[in-house]
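Visitor: One predicted model, sequence on top.
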Amino acid sequence: MSDRDYQEQEEIFSKVVRAGRRTYFFDVRATKADDYYLTITESKKFTNDDGSFYFKKHKIYLYKEDFQEFGDTLKEITDFIIDKKGDEVISDRHQTDFKKEEAQPAQDDAAAPNDPASFTNINFEDI
């Protein structure tokens, strides 16, 4: 069955999760035998140079026989991430200079480069 055939099938139940430039669609659909399965679609918005935009989509088909193992593994992995890194979001989108901070060697006695105490008083008349 082609992707087009899947898209034309009626959605029985749907939920949407919006997350910044990404949107996740959780859709319950029916097989030809009238059994249910889940599609998870990630849709991400991109902008062309001319200002127009387009979406890239990635889709996962998940069938009932895989629900338990998929759910257990998803929970195990998400618990691991939260346990190791907490639930605070740290990324280049939220903190633009995070790579520079990571790459900088630790300074024992000197103030950190982004520390206001490390700035020198500047007299703009001297410039």
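Guide: Structure's in. What do you need?

Visitor: for the helix or strand hosting residue 29, packing partners?
Guide: Using DSSP states H and E, residue 29 sits within strand 22-30. In terms of contacts (3 or more CB pairs under 8 Å, 6 or more residues apart in numbering; DSSP states H and E), strand 22-30 is packed against strand 13-19, strand 36-47. C-beta coordinates here come from the backbone N, C-alpha and C atoms, glycine included.

Visitor: can you state the direction angle for it and strand 13-19?
Guide: Here the directions of strand 22-30 and strand 13-19 differ by 170 degrees (axes from the mean of the first three to the mean of the last three CA atoms, to 10 degrees).

Visitor: Pull out the buried positions in strand 22-30.
Guide: Going by neighbour count (16 or more other CB atoms under 10 Å), the buried part of strand 22-30 is 23, 25, 27, 29.

Visitor: any idea of the angle that strand forms with strand 36-47?
Guide: Interaxial angle of strand 22-30 relative to strand 36-47 (the same axes, to 10 degrees): 150 degrees.

Visitor: Tell me the neighbouring strands of strand 22-30, and mark each as parallel or antiparallel.
Guide: strand 13-19 (antiparallel), strand 36-47 (antiparallel) (DSSP bridges).
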